[in-house]
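Undergrad: Any chance you can model this:
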Amino acid sequence: MNVTVFGATGAIGQQVVEQLCTRGHAVTAYVRNPAKVPAGWGHDVTVVVGEITDAAAIDRAVAGADAVVSALGPSMDRKATGVPLVKGTRHIVESMQRHGVRRYVGNGTPSSSTLGRRAPGRPGCPPSWPGPSCAVPTTRSSA
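TA: Residues are numbered from 1 along each chain as shown. Just a heads-up that it's a prediction; the model follows:
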């Protein structure tokens, strides 16, 4: 299977790439900083360099893929403005639709700006993310 991995040079992304390669999959790694590409990948991994806001580069990375894995997370070493992960994920999904890619595995990580803010009654849910996953669980009696 041909798999494109976004966030491939991050801690989780590198593990995903290694596991895919070990299992014999063809991997395209989408990276922001080519200097972070592990030397061990050699010619086994196709690397596409671009920002998460670069729709054309994302489209090149998704072309020919059977599946996409997102290991994107907030970058702690630079100041991003706006919501680049949201916009970038939108570019990924739009590209997947254009190329007929139907398999997507997403890995979500909290940003540092949400630490310490929790929704009442639900540990780990920031109040800015309302929805079923952050709703207070309900119980039903079987009586």
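
Undergrad: Show the average pLDDT along the longest helix anywhere in the chain.
TA: Taking DSSP state H as the criterion, the chain has its longest helix at helix 84-99. Across helix 84-99, the average pLDDT comes to 92.

Undergrad: Just list what it packs against, helices and strands only.
TA: helix 55-62, strand 67-70, strand 103-106 (3 or more CB pairs under 8 Å, 6 or more residues apart in numbering; DSSP states H and E). C-beta here means a position set from N, CA and C on the backbone, and glycine is covered the same way.

Undergrad: Relative to the second one, what are the paired strands and their orientations?
TA: Each strand pairing with strand 67-70, determined using DSSP bridges, is listed with its direction: strand 2-6 (parallel), strand 103-106 (parallel).

Undergrad: which of the ones you listed is buried the deepest?
TA: With neighbours taken as mean count of other CB atoms under 10 Å, these reach their highest mean count in strand 2-6, at a mean of 25.

Undergrad: if we can go back for a sec, I'd like to know which of the strands paired with strand 67-70 lies nearest to Ile92.
TA: strand 2-6 (6.4 Å; CB to CB).

Undergrad: circling back to that earlier point, make JSON lines from the helices and strands packed on helix 84-99 and add distance to Ala26 to it.
TA: Converted to JSON lines, the helices and strands packed on helix 84-99 look like this (distance: least, CB to CB, whole Å):
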{"stretch": "helix 55-62", "distance to Ala26": "13"}
{"stretch": "strand 67-70", "distance to Ala26": "11"}
{"stretch": "strand 103-106", "distance to Ala26": "14"}
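
Undergrad: which of the ones you listed is buried the deepest?
TA: strand 67-70 (a mean of 23).

Undergrad: before we move on, back to that, could the strands paired with strand 67-70 be laid out in TSV, adding distance to Gly24?
TA: As requested, the strands paired with strand 67-70 are exported to TSV (distance: least, CB to CB, whole Å):
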stretch	distance to Gly24
strand 2-6	11
strand 103-106	17
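
Undergrad: hey, least reliable of the ones you listed by pLDDT?
TA: strand 103-106 (a mean of 94).

Undergrad: Only alpha carbons, please: show it as PDB.
TA: This file holds the C-alpha atoms of strand 103-106, laid out as PDB (Å, rounded to 0.1, in the frame of the first residue of the first chain):
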ATOM      1  CA  ARG A 103      -8.400   6.000   4.000                       C
ATOM      2  CA  TYR A 104      -7.400   8.500   6.700                       C
ATOM      3  CA  VAL A 105      -5.800   7.900  10.100                       C
ATOM      4  CA  GLY A 106      -5.600  11.000  12.200                       C
END
